[in-house]
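> Sequence plus predicted model, see below.
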Amino acid sequence: MQLDKILQADLNDIIFEGRNKEYGAYYLRKVYKKNVTRATIIGVALILFGFSIPFIKELLDKQLETKKALNVVDVTKLAAPPPLDKTTPPPPPPDLPPPPPKTIKFTPPVVKPDEEVPQDEEPPVLEELKNTDPGTETNIDPNAEVNFNDAPVTVTEPPPTKPLMFVEQMPTFPGGDQALQEYLYKNIRYPAAARENGIEGTVVLQFVVGSDGSISEIKTLRDVRGGCTDEAIRVVKNMPKWNAGKQNGNAVPVYFNLPVTFKLASE
């Protein structure tokens, strides 16, 4: 090593003389002192900050208490009321509505003997009316025209002749829905063609229940093959009369939809 460089070199330069300084160890040793100094300063700063936290908190609490003490609301004191003048008469009481009369919900009859019951006033007889002056004044203008069109006329709406879809009281089978199901179960015969081909389904029929309870205008809304629809129509045609539907208390014709289910019994 040259003389001028020896005076400026440190221990790392002497140790790594003639060695590979790019390997990394030379650089680590070179910056070691700087890193140690920097870490020491940071550590001391953190320790000092940790010790100063209670003092900072106490200082902040004092400042908050000072602000709260300053926020004092000064309420204006009201003057004392004037003394009462005992010579001044008090104001009159307000006018209250009269109390409602007492009413009795039900007055029981009182039985009295016949002699204590007052006699009803009988209408005057014809002879007395002949000698009575009926008066000469009247409040009716004899020349006034009477308009009979202004008189109230009560019109009773006749029951509708066309079947309705919905009414206040829908028609029902005699005995209710349970009796209807029993009637269908007892009278429907499963068609042979449907049984042999395993056809099942629900036939939906629409018919009109007349004001007399009779069945008419049977239509098919949903069809099932194999003769099931024809069998359902046959059973509905042979039904007894229903209880007619009612609208405003009057029996009216009503449309009724009836589903009839055909299902084979599982073996």
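Now that the structure is in, tell me what you want to look at.
> for the stretch 1-150 of the chain, what are the low-confidence residue spans?
Counting by pLDDT under 70, the stretch 1-150 of the chain has low-confidence residues at 1-14, 16-18, 20-24, 67-79, 101-111, 124-125, 128-150.
> again, only using 80
Along the stretch 1-150 of the chain, the parts satisfying pLDDT under 80 run over 1-31, 65-150.
> Quick check on residue 220: phi, psi?
phi -100, psi 120 (degrees, to the nearest 10).
> Show me the beta-bridge partners of it.
residue 205 (DSSP bridges).
> wait, what's in contact with the spatially closest residue to residue 214 that is not a sequence neighbour?
Spatial nearest neighbour of residue 214, excluding adjacent residues (CB to CB, 6 or more residues apart in numbering): residue 241 at 5.7 Å. Quick note: C-beta positions are derived from backbone N, CA and C, even for glycine. By CB atoms under 8 Å, 6 or more residues apart in numbering, residue 241 lies in contact with 174, 212-215.
> Out of these, which sit inside strands?
If you go by DSSP state E, those have residue 215 in strands.
> And for residue 187, the neighbour number?
Neighbourhood size, residue 187 [other CB atoms under 10 Å]: 13.
> Tally up the residues packed near the nearest residue to it once chain neighbours are set aside, please.
Spatially, and ignoring its direct neighbours in sequence, residue 187 is nearest to residue 235 (4.9 Å; CB to CB, 6+ apart). Residues contacting residue 235 under the criterion other CB under 10 Å number 18.
> Give me the average confidence score over the helix or strand hosting residue 235.
Counting by DSSP states H and E, the element that carries residue 235 is helix 228-237. Per-residue pLDDT over helix 228-237 has a mean of 92.
> Could you number the chain from 56 rather than 1 from now on?
All right, first residue 56 from here; so that's helix 283-292.
> Give me the contact list for that helix.
238-239, 242-246, 249, 254, 256, 258, 260, 262, 270, 273, 275, 278, 313, 315, 317.
> what comes up buried for the helix or strand hosting residue 310?
For residue 310, the enclosing helix or strand under DSSP H and E is strand 309-317. Residues of strand 309-317 classed as buried by neighbour count (16 or more other CB atoms under 10 Å): 309-311, 313, 315, 317.
> circling back to that earlier point, among the contacts of helix 283-292, which are in helices?
238-239, 242, 249 (DSSP state H).
> of those, closest to residue 90?
residue 249 (98.2 Å; CB to CB).
> Report how many residues lie close to that closest one.
Using other CB under 10 Å, residue 249 is surrounded by 19 other residues.
> so what's it up against?
For residue 249, the contacting residues are 255, 279-283, 317, by CB under 8 Å, 6+ apart.
> Residue 311 too?
Contact partners of residue 311, counting by CB under 8 Å, 6+ apart, are 225-226, 261-264.
> What mean pLDDT does the strand holding residue 310 get?
92.
> That one to helix 283-292, inter-axis angle?
Strand 309-317 runs at 130 degrees relative to helix 283-292, counting by axes from the mean of the first three to the mean of the last three CA atoms, to 10 degrees.
> List every C-alpha atom in strand 309-317, with coordinates, as CSV.
Taking Å, rounded to 0.1, in the frame of the first residue of the first chain, the C-alpha atoms of strand 309-317 are listed here in CSV:
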residue,chain,number,x,y,z
VAL,A,309,-123.3,-17.8,-11.4
TYR,A,310,-120.4,-19.5,-13.3
PHE,A,311,-118.6,-22.2,-11.4
ASN,A,312,-115.3,-24.0,-12.2
LEU,A,313,-115.0,-27.6,-11.0
PRO,A,314,-111.7,-29.6,-11.2
VAL,A,315,-112.2,-33.4,-11.4
THR,A,316,-109.0,-35.4,-10.9
PHE,A,317,-108.4,-38.9,-12.4
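> domain parsing for this protein?
58-107, 232-317 (automatic domain parsing).
> which of the ones you listed sits most buried?
Highest mean neighbour count of those: domain 232-317, a mean of 16 (counted as mean count of other CB atoms under 10 Å).
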